[in-house]
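[1] missing the sequence, but the structure's below:
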Ligand SMILES: [Zn+2]
């Protein structure tokens, strides 16, 4: 049936999103097919995002600036000698909302993972290392989950920076093993930033 094929095509697109399984993908597709108004609003939002949102060339945060440098990277009031390395942009929003940090950021876009591979992370870490050298960065703070993937990624970054003078620390104290930092409250985050461990 044509309708089934159309719905399968849409649900297939949803399964490309990390964390969305076949079952939920199909559920979303059927729901949207019967709620056209919501589907149209989503279409409009997606068009806006596709045409206006860009990825910052320096830190991989999202931005609508046409020069592809985000406002945080442009901000001269911030501490430009410290970079906080994060797994994803959601983590950045959380730290900014909590106002616990005033340096620069760097988004890895993923950890070393058997499922999602390591290529994106490796490329970005190479770029991070070049920034450390070129911009006279004094401290790198890793905010990476305490998981096997997180530990492997942190170790790789440490190895890559071993010939530089940069101070490398990781926030782990106060963050439960395996916890996603998206679910940590402000108080825990403040404590975690102040008690970071040197690597
Ligand atoms: Zn940026």
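    All right, it came through fine. Just so we're clear, the structure is a prediction, and the values are computed from it rather than from any experiment. Numbering: from 1, shown residues only.

[2] contacts, neighbours, all on C-alpha from now
    Noted.

[3] immediately after the helix or strand where residue 142 lies, which helix or strand?
    In this structure, residue 142 sits in strand 139-143 according to DSSP states H and E. The helix or strand immediately downstream of strand 139-143 is helix 148-160, counting by DSSP H and E.

[4] show me what the mean pLDDT comes to for that next one.
    For helix 148-160, the mean per-residue pLDDT is 91.

[5] run through the neighbouring helices and strands of it.
    Here helix 148-160 touches helix 119-134, going by 3 or more C-alpha pairs under 8 Å, 6 or more residues apart in numbering; DSSP states H and E.

[6] tell me who's in contact with residue 128.
    residue 106 (C-alpha atoms under 8 Å, 6 or more residues apart in numbering).

[7] how near is it to the ion?
    According to C-alpha to the ion, to the nearest Å, residue 128 stands 12 Å off from the ion.

[8] gap between that residue and residue 43?
    35 Å (C-alpha to C-alpha, to the nearest Å).

[9] kindly report the same for residue 54.
    Separation of residue 54 from residue 43 (C-alpha to C-alpha): 18 Å.

[10] show me which of these two is the more surrounded one.
    residue 54 (19 against 12; other C-alpha atoms under 10 Å).

[11] which residues does that one bridge with?
    When bridges are called by DSSP bridges, residue 54 pairs up with residue 63.

[12] just use 10 as the starting number from now, easier for me
    Noted, 10 is the first residue going forward, which turns the last one into residue 63.

[13] contacting residues around it?
    Applying C-alpha under 8 Å, 6+ apart to residue 63 gives the contacts 71, 72, 73, 74, 75, 77.

[14] look at it and report its pLDDT.
    The model's pLDDT for residue 63 equals 96.

[15] quick one: it and residue 79, what's the gap?
    9 Å.

[16] please apply the same query to residue 119.
    20 Å.

[17] burial check on residue 168, number of neighbours?
    10.

[18] over to residue 55?
    12.

[19] for the chain, give me the ranges with low pLDDT.
    Applying pLDDT under 70 to the chain flags residues 123-126, 181-193.

[20] what does it put close to the ion?
    65, 67, 68, 79, 82 (C-alpha under 5 Å from the ion).

[21] any of those buried? List them.
    65, 67, 68, 79, 82 (16 or more other C-alpha atoms under 10 Å).

[22] just those now: which is nearest residue 20?
    residue 65 (29.8 Å; C-alpha to C-alpha).

[23] is the closest one in contact with residue 81, as I believe?
    No. Contact criterion C-alpha atoms under 8 Å: residue 65 and residue 81 do not qualify, at 9.7 Å.
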